[in-house]
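Undergrad: Sequence and predicted model, in that order:
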Amino acid sequence: MMEYATDEEILDECAEIGAWGLCTSIDLRECDPTFIRDRDRLHQFIIAICDHIEMKRFGEPQIVHFGPTDWVAGYSLTQLIETSCITAHFANETNTAYIDIFSCKMYRPSMAAKFCQQFFKASDMEYTVTIRP
């Protein structure tokens with residue numbers, strides 16, 4: 001995996017190699033606990049992130065609360081988009097969120113990551129980008 005300084009470098013590399021898709025994995029820490037435990041708020045999130053990165057949703061999201069232990073219990077969501085999918089898991093015990101955006105339509109990874117951090121009021125955020133050739 002290559003490291004990039006800017007979204008422009010990522011998008012340039014995608015264009016140069018004719019990339020099939022782009023995946024951004026976003027890890028959020030110390031999220032607002034009321035937000036990650038609220039199904040309606042998560043539904044608002046998926047609509048908002050799709051609008052923000054200009055992705056067309058395909059159907060309604062699946063949002064389910066489950067987990068075999070307290071350590072992993074929380075909501076998980078999947079939203080199909082016309083160009084692939086967005087998935088996320090929210091861990092109640094640690095107030096963390098793990099969001100993956102995969103699309104063959106290009107978007108700005110840092111813009112998407114910052115949006116997620118702000119939406120869930122996370123104190124810390126890291127993200128990685130994978131170009132799928």
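TA: That came through, no problem.
Undergrad: Where does the spatially closest residue to residue 27 that is not a sequence neighbour sit, in terms of helix or strand?
TA: Closest residue to residue 27 apart from its sequence neighbours, by CB to CB, 6 or more residues apart in numbering: residue 126 at 4.9 Å. Placement of C-beta: from N, CA and C, glycine included. In the assignment (DSSP states H and E), residue 126 maps to strand 124-132.
Undergrad: Report all helices and strands that that strand contacts.
TA: Strand 124-132 is packed against helix 7-17, strand 21-29, helix 109-119, with contacts defined by 3 or more CB pairs under 8 Å, 6 or more residues apart in numbering; DSSP states H and E.
Undergrad: strands paired with the second one, and their directions?
TA: Meaning strand 21-29. strand 96-103 (antiparallel), strand 124-132 (antiparallel) (DSSP bridges).
Undergrad: and residue 64, which of the ones you listed is closest to it?
TA: When those are compared by CB to CB, strand 96-103 sits nearest residue 64, at 15.0 Å.
Undergrad: which of the residues in the closest one are buried?
TA: Residues of strand 96-103 classed as buried by neighbour count (16 or more other CB atoms under 10 Å): 96-97, 99-103.
Undergrad: what do you get for stretch 105-115?
TA: Buried, per 16+ other CB under 10 Å, within stretch 105-115: 106-109, 112-113, 115.
Undergrad: Show me which of these is closest to residue 72.
TA: residue 113 (22.7 Å).
Undergrad: Tell me the predicted confidence for that closest one.
TA: According to the prediction, residue 113 has pLDDT 98.
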